[in-house]
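1. A predicted structure for the sequence below; I have some questions about it.
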Amino acid sequence: MTRPFIPFPIFPPYVYWRPNQLRSFPTNLAVADRLAQIDPAAHPFINLWYVDRYMNWIAHNWGAENPHCQYHSCIMGLEKMLNWSFAHGLSLVDEKNVWKREIRCATQFLDFYLKDTSASRENVAAQPLADLAFKQPKAIGFLTDAELEWVLKSLPNFIGVHEFRIIEMYLIMARYSGRRLWSVMGNARSPGLLDQFNRRSDGRWVELRSAKDGWLPLSPHFDEVFGRYLRYLNIDPLHPLPSIPIFPKDDRSSYYPKALGRILVSIRDALADSAAGSDDPEISSASEKIRGLTVMLVSRKPVPVYSR
């Protein structure tokens, strides 16, 4: 019986990515071993070689502010395309095999390939084909204010006090900050800091939304939770905030999006079961939505501008 093809990671995390390497290709021996097992009809090595050249080329267009995010976005599409070609024994550089689900990524890659090889063929991915059937995105919706309030009140039943304070603040930032969550939270090398929020003389918390919009007030619900979180950290909200990470690293773990997402996944089934048994019909009817709880269900963009 033929074993089904199992997609595998091809590109390293951004911190380990070294463009324009002069060493043997590919440098990762595990990836090289997997490529050797692919149907030769897919030309796995030459396809990956051209994709690697494309990565080195397109990286020059990335901004200096968040290259790690642009790298991650780029490799997601490229890895899907490569694994699709490996699974079907088809070569990416044969233009009959344009993968429909990643048309933009395919367009950019094939444009680079044709120019790099001085080929005169038309980029068939540049214009949607007549028989190209796109899957319509499924709306995931988001938690209503009442549903989110119920989730926040229920969290202490399933996690400890420390994790509750962390998760509560994480979800409130996702809900009410007008900026992208990765911009607010940062990453392991450059974590988001508490002092990105300022307290006005009237007690309202504000954030620098953009150079154009300036400092804008956050939701009163954010003010309430943030003040409570600061007091939990023994920080006086009446004084200028220290320049420390929003979620300080402790002896147990570091609290970054992936780790926080794992905490949500670990408790969402229990939350959903509890919601299903609620006497409130709005909450009980939302139990399956809560069973799929992620930060995306909480985030609501664009965030309304609250009264100044």
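-> Here it is on my side, so go on. Numbering: from 1, shown residues only.
2. any idea of the mean pLDDT for the helix or strand containing Ile58?
-> Following DSSP states H and E, one finds Ile58 within helix 44-58. Averaged across helix 44-58, pLDDT comes to 85.
3. distance between it and the chain's centre?
-> 24 Å (CA atoms, centre = their mean, to the nearest Å).
4. how is this structure carved up into domains?
-> Following automatic domain parsing, one gets these domains for the chain: 14-116, 145-298.
5. Output the ones you listed as JSON lines; include the columns mean neighbour count and distance to Phe8.
-> Any C-beta I mention is one placed from the backbone N, CA and C, and that applies to glycine too. Below are the domains of the chain laid out as JSON lines (neighbours: other CB atoms under 10 Å; distance: least, CB to CB, whole Å):
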{"stretch": "domain 14-116", "mean neighbour count": "16", "distance to Phe8": "5"}
{"stretch": "domain 145-298", "mean neighbour count": "16", "distance to Phe8": "20"}
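6. Which one of the ones you listed has the poorest average confidence?
-> domain 14-116 (a mean of 78).
7. where do the helices sit along the stretch 51-200 of the chain?
-> For the stretch 51-200 of the chain, the helices defined by DSSP state H, counting those that start in this stretch occupy 67-88, 103-116, 145-154, 161-176, 181-185.
8. and the fourth one with helix 145-154, angle?
-> Following axes from the mean of the first three to the mean of the last three CA atoms, to 10 degrees, one obtains 170 degrees for the angle between helix 161-176 and helix 145-154.
9. residues in contact with helix 161-176?
-> The contact list for helix 161-176 (CB atoms under 8 Å, 6 or more residues apart in numbering) reads 148, 151-152, 155-156, 159, 181, 184-185, 218-219, 221-222, 225-226, 228-229, 232, 246-247, 250, 255, 260, 263-264, 295, 298-300, 303.
10. taking the residues you listed one by one, which sit in helices?
-> Counting by DSSP state H, those place 148, 151-152, 181, 184-185, 221-222, 225-226, 228-229, 232, 260, 263-264, 295, 298 in helices.
11. Which one of the helices of the stretch 51-200 of the chain lies nearest to Ser284?
-> helix 145-154 (10.3 Å; CB to CB).
12. would you put the C-alpha positions of the closest one in PDB?
-> Taking Å, rounded to 0.1, in the frame of the first residue of the first chain, the C-alpha atoms of helix 145-154 are listed here in PDB:
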ATOM      1  CA  ASP A 145     -19.300  41.700  23.800                       C
ATOM      2  CA  ALA A 146     -21.600  39.500  26.000                       C
ATOM      3  CA  GLU A 147     -19.800  36.300  24.900                       C
ATOM      4  CA  LEU A 148     -16.400  37.800  25.500                       C
ATOM      5  CA  GLU A 149     -17.500  39.000  28.900                       C
ATOM      6  CA  TRP A 150     -18.700  35.500  29.800                       C
ATOM      7  CA  VAL A 151     -15.400  34.000  28.600                       C
ATOM      8  CA  LEU A 152     -13.400  36.400  30.700                       C
ATOM      9  CA  LYS A 153     -15.500  35.800  33.800                       C
ATOM     10  CA  SER A 154     -15.300  32.000  33.300                       C
END
